[in-house]
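Peer 1: Give me the fold of what follows.
(4 chains)
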Amino acid sequence: MNVQIKLSVSTLHLQDCVDWVMAPETGGIDVFVGTVRNATRGRAVIRLEFEAYEKMAVSEMEKIAQQALAKWPVQKILIHHRTGGLQIGEIPVIIAVAAAHRDAAFDACRYIIDTLKQTVPIWKKEIFEDGEVWVAAHP
Amino acid sequence: MNVQIKLSVSTLHLQDCVDWVMAPETGGIDVFVGTVRNATRGRAVIRLEFEAYEKMAVSEMEKIAQQALAKWPVQKILIHHRTGGLQIGEIPVIIAVAAAHRDAAFDACRYIIDTLKQTVPIWKKEIFEDGEVWVAAHP
Amino acid sequence: MKINILAFGIAKDIFGASTVDVELVNDATVSNLKYLLEKQHPRLKKLATYMVAVNNEYALDGDTIHERDEIAIIPPVSGG
Amino acid sequence: MKINILAFGIAKDIFGASTVDVELVNDATVSNLKYLLEKQHPRLKKLATYMVAVNNEYALDGDTIHERDEIAIIPPVSGG
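Peer 2: The predicted structure is shown next:
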């Protein structure tokens, strides 16, 4: 299998992700690591909550990975995404793409995170000291 | 300091690299991990040797990092490069770029590896079963 | 037919529950469902946008809904 | 003046040593140095290209070389 998709309530492990995509014929790996920023438009964020429509989220991530495999000469694709509560500095998402040549790895990795943010049914709630907001819900 | 440059004869550690660039105001990290491929133009590679003009290599990597900081809104940049002998699957280079927003991290990371491969005085020798070649030396 | 609708993110807050039941005629469309839901929960219309998923796939307004389909309301996603 | 030239990568193989000494006149240019080296080591001309670094900076052909400058021959790089 050259695609690994995971939704997880526990900490994501960067080294495991990169080890999984690495193969003897790999020349370069591009990795995107999302992190929980401490502020949104100047307002301090205390923590985040991620909710997923799990079955559909996994199938949409799988679709994106297959699209990337079809568009670029890449070898292996891994997408791990957290659900539940995350503190500042924790990692909501890791995307790792291995390829023989780095251009394909960069292009595919960026396509995957851009598309994931548009189509995968996962929702992020930012919790502030004085309230909370579902990100992107309102215009 | 928002830039860390290192040439090292020992194993590079991905998690340490990403931990170093991560900060509370970081929203995304792009990481490029080079790996030693097992073949070049169909010819089996046994291992690689990296040689560096160390002082100049560090100063050229520092220049590239400063150029990237000037061109994109990125927060921290790390470039670690190996020297000496590497086996298949080992990691010659790790570049990690942290930014508030991911586009800058992707653009800067790709610029850094592309420029590093053009200007930093480091040389790679591929060792085959029946010979060895300094990569890119001849037309 | 009675259809049980799954709600996520802000849609769950709007419905005040993670699922709502809706009574639809056979061969109702996604568009019919949205009309009904928006009548019962006008705050849906305040969202930047929202989609309906039928059996874990994004559905178009003209797609029809059948008994035992798994229907979900997908407010603007914000993963990553 | 006698200048000690550092060699790396394939240049070290061509010189058969990691440094070579070259006798240059005062205010010799990078171009003069290249001419001398290529006369002594014609295989340098077979390289895809090569650069000269003066005090850890890439130098242009017209740059002059001074006593105690650190000079290095930089064959095509291949890091990463």
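Peer 1: Heading C-terminal from the host helix or strand of residue A:79, find the next helix or strand.
Peer 2: Following DSSP states H and E, one finds residue A:79 within strand A:74-82. Downstream of strand A:74-82, the next assigned helix or strand under DSSP H and E is strand A:84-87.
Peer 1: Tell me if the helix or strand following that next one is near chain D.
Peer 2: Once strand A:84-87 ends, the next helix or strand along the chain (criterion: DSSP H and E) is strand A:93-99. No: judged by C-beta under 8 Å from any C-beta of the partner chain, strand A:93-99 and chain D are separated, with a smallest distance of 14.2 Å. C-beta: built from backbone N, CA, C; applies to glycine.
Peer 1: now strand A:93-99: how far from the chain's centre is it?
Peer 2: For strand A:93-99, the separation from the chain centroid amounts to 9 Å (computed by C-alpha atoms, centre = their mean, to the nearest Å).
Peer 1: Note down every partner strand of the strand holding residue A:79 and its orientation.
Peer 2: Note on strand A:74-82: by DSSP bridges, its sheet partners are strand A:3-8 (parallel), strand A:93-99 (antiparallel).
Peer 1: Tell me the secondary structure of residue 48, please.
Peer 2: All of this is about chain A. strand (DSSP: H, G, I helix; E, B strand; the rest coil).
Peer 1: That was the other one, I meant chain C.
Peer 2: Following three-state DSSP, residue C:48 is assigned to coil.
Peer 1: start to end distance for stretch C:70-80?
Peer 2: End-to-end distance for stretch C:70-80, by C-alpha to C-alpha, to the nearest Å: 25 Å.
Peer 1: any residue of that stretch up close to chain A?
Peer 2: Yes: residues of stretch C:70-80 contacting chain A under C-beta under 8 Å from any C-beta: C:72, C:74, C:75, C:76, C:77, C:78, C:79, C:80.
Peer 1: Break down chain C into its helices, ranges please.
Peer 2: C:10-15, C:30-40 (DSSP state H).
Peer 1: okay, now residue 78: neighbour count?
Peer 2: All of this is about chain A. When neighbours are defined as other C-beta atoms under 10 Å in any protein chain shown, residue A:78 has 24 of them.
Peer 1: Chain C is the one I meant
Peer 2: 22.
Peer 1: Could I get the average pLDDT for the strand holding residue A:79?
Peer 2: Across strand A:74-82, pLDDT averages out at 98.
Peer 1: Near chain D, which residues of chain A are found?
Peer 2: Counting by C-beta under 8 Å from any C-beta, chain A has no residue next to chain D.
Peer 1: Mind jotting down where the strands sit in chain A?
Peer 2: In order along the chain, chain A carries the following strands (DSSP state E): A:3-8, A:28-34, A:39-40, A:43-52, A:74-82, A:84-87, A:93-99, A:122-128, A:131-134.
Peer 1: Residues in a beta bridge with the residue positioned nearest the centre of chain A, which ones?
Peer 2: With distances taken as C-alpha atoms, centre = their mean, residue A:93 lies nearest the centre of chain A, 3.4 Å away. Note on residue A:93: beta-bridge partners by DSSP bridges are residue A:81.
Peer 1: Surely it and residue A:78 touch.
Peer 2: No: look at residue A:93 against residue A:78 with C-beta atoms under 8 Å: they stay out of range, at 10.9 Å.
Peer 1: what about stretch A:53-60 and chain C, touching?
Peer 2: Yes: looking at stretch A:53-60 against chain C by C-beta under 8 Å from any C-beta, the contacts come from A:53, A:55, A:56, A:57, A:59.
Peer 1: ok, and the closest non-adjacent residue to the first one?
Peer 2: So the one you mean is residue A:53. Take residue A:53 and drop its neighbours on the chain: the residue closest to it by C-beta to C-beta, 6 or more residues apart in numbering or on different chains is residue A:121, 4.0 Å away.
Peer 1: ok, now the second one?
Peer 2: The shortest distance from residue A:55 to any residue other than its chain neighbours is 5.6 Å, reached at residue C:56 (C-beta to C-beta, 6+ apart).
Peer 1: do residue A:39 as well
Peer 2: Nearest non-adjacent residue to residue A:39, counting by C-beta to C-beta, 6+ apart: residue A:45, 5.9 Å away.
Peer 1: Over to residue A:56?
Peer 2: Using C-beta to C-beta, 6+ apart, the closest residue to residue A:56 is residue C:56 (4.1 Å).
Peer 1: Run through the residues of chain C sitting next to chain A.
Peer 2: For chain C, the residues in contact with chain A (C-beta under 8 Å from any C-beta) are C:6, C:8-10, C:13, C:46-48, C:53, C:56-58, C:72, C:74-80.
Peer 1: What's the PyMOL syntax to select whichever of those are buried?
Peer 2: Burial among the residues of chain C next to chain A is assessed by 16 or more other C-beta atoms under 10 Å in any protein chain shown; the matching PyMOL selection reads:
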select buried, chain C and resi 6+8+9+10+47+53+56+58+72+74+75+76+77+78+79+80
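Peer 1: contacts for the lowest-mean-pLDDT helix or strand in chain A?
Peer 2: One helix or strand of chain A scores below all others by mean pLDDT, DSSP states H and E: strand A:39-40, with a mean of 83. With contacts defined as C-beta atoms under 8 Å, 6 or more residues apart in numbering or on different chains, strand A:39-40 is touched by A:45, A:126, A:135, B:25.
Peer 1: List the neighbouring strands of that strand plus their orientation.
Peer 2: With DSSP bridges as the test, strand A:39-40 pairs up with strand A:43-52 (antiparallel).
Peer 1: the inter-axis angle of the partner strand versus strand A:122-128?
Peer 2: Angle, strand A:43-52 to strand A:122-128, by axes from the mean of the first three to the mean of the last three C-alpha atoms, to 10 degrees: 150 degrees.
Peer 1: Would you indicate which residues of strand A:43-52 are buried?
Peer 2: A:45, A:48, A:49, A:50, A:51, A:52.
Peer 1: Please name the residues that touch the closest residue to the third one other than its chain neighbours.
Peer 2: Translated: residue A:49. Distance criterion C-beta to C-beta, 6+ apart; nearest residue to residue A:49, sequence neighbours excluded, is residue A:125 at 4.3 Å. Residue A:125 is in contact with A:48, A:49, A:50, A:51, A:132, A:133, A:134, A:135, C:9, counting by C-beta under 8 Å, 6+ apart.
Peer 1: Check residue A:18 too.
Peer 2: Applying C-beta under 8 Å, 6+ apart, we find residue A:18 in contact with A:29, A:31, A:96, B:14, B:33.
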